[in-house]
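Engineer: fold the following, please.
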Amino acid sequence: TLEKTAQIIPSESEAIYLTALDSIAWMTNCRGYHLPFASAFCAKALVTKNKVYIYVMPGTPVSEKAKKEAGLEFIFLHFNDLPRELERLQNTLHLTSVKYD
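Structural biologist: Numbering: from 1, shown residues only. Just a heads-up that it's a prediction; the model follows:
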């Protein structure tokens, strides 16, 4: 996954905001089988060059194996904090470009 993000996000000042559940599952290689008839998990994500900020509901299962295989640092945050955390990240990372799906 690190190679994938290097192609999509060439600089530290760029990010991708993912809302499609299948895109988040593909990017993180995480699956959640708690949704009926779906292998995705409920989440939103902000992907930077080296980190994936994943906003999930409490109790969402997280696979340590998937985190290690991705080669990226996963940071899991509470879904209800999404607006405040996105603003904090913008102030911290100083992103110049955010793509979205």
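Engineer: quick one: low-confidence residue ranges for the protein.
Structural biologist: Scanning the chain for pLDDT under 70 picks out 1-6, 31-40, 61-71.
Engineer: ok, the closest residue to residue 17 other than its chain neighbours to residue 46 distance?
Structural biologist: Among residues not flanking residue 17 along the chain, residue 100 sits closest, at 4.5 Å (C-beta to C-beta, 6 or more residues apart in numbering). The C-beta positions use only the backbone N, C-alpha and C, and glycine is treated the same way. Using C-beta to C-beta, to the nearest Å, residue 100 is found at 10 Å from residue 46.
Engineer: please enumerate the helices of the chain.
Structural biologist: Under the criterion DSSP state H, the chain contains helices at 2-8, 21-28, 64-70, 82-93.
Engineer: so which bits of stretch 73-88 are buried?
Structural biologist: 74, 77, 79, 85-86 (16 or more other C-beta atoms under 10 Å).
Engineer: now distance to residue 12 too, for these, in TSV please.
Structural biologist: What follows is the buried residues of stretch 73-88, written out as TSV (distance: C-beta to C-beta, whole Å):
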residue	distance to residue 12
74	18
77	20
79	26
85	19
86	17
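Engineer: who's in contact with the residue nearest the centre of the chain?
Structural biologist: Residue closest to the average C-alpha location in the chain (C-alpha atoms, centre = their mean): residue 45, at 3.2 Å. By C-beta atoms under 8 Å, 6 or more residues apart in numbering, the contact list for residue 45 reads 17-18, 24, 27-28, 52-55.
Engineer: grab the nearest non-local neighbour of it.
Structural biologist: residue 18 (4.4 Å).
Engineer: what about the one you found, how many neighbours?
Structural biologist: 23 (other C-beta atoms under 10 Å).
Engineer: likewise for residue 54?
Structural biologist: 23.
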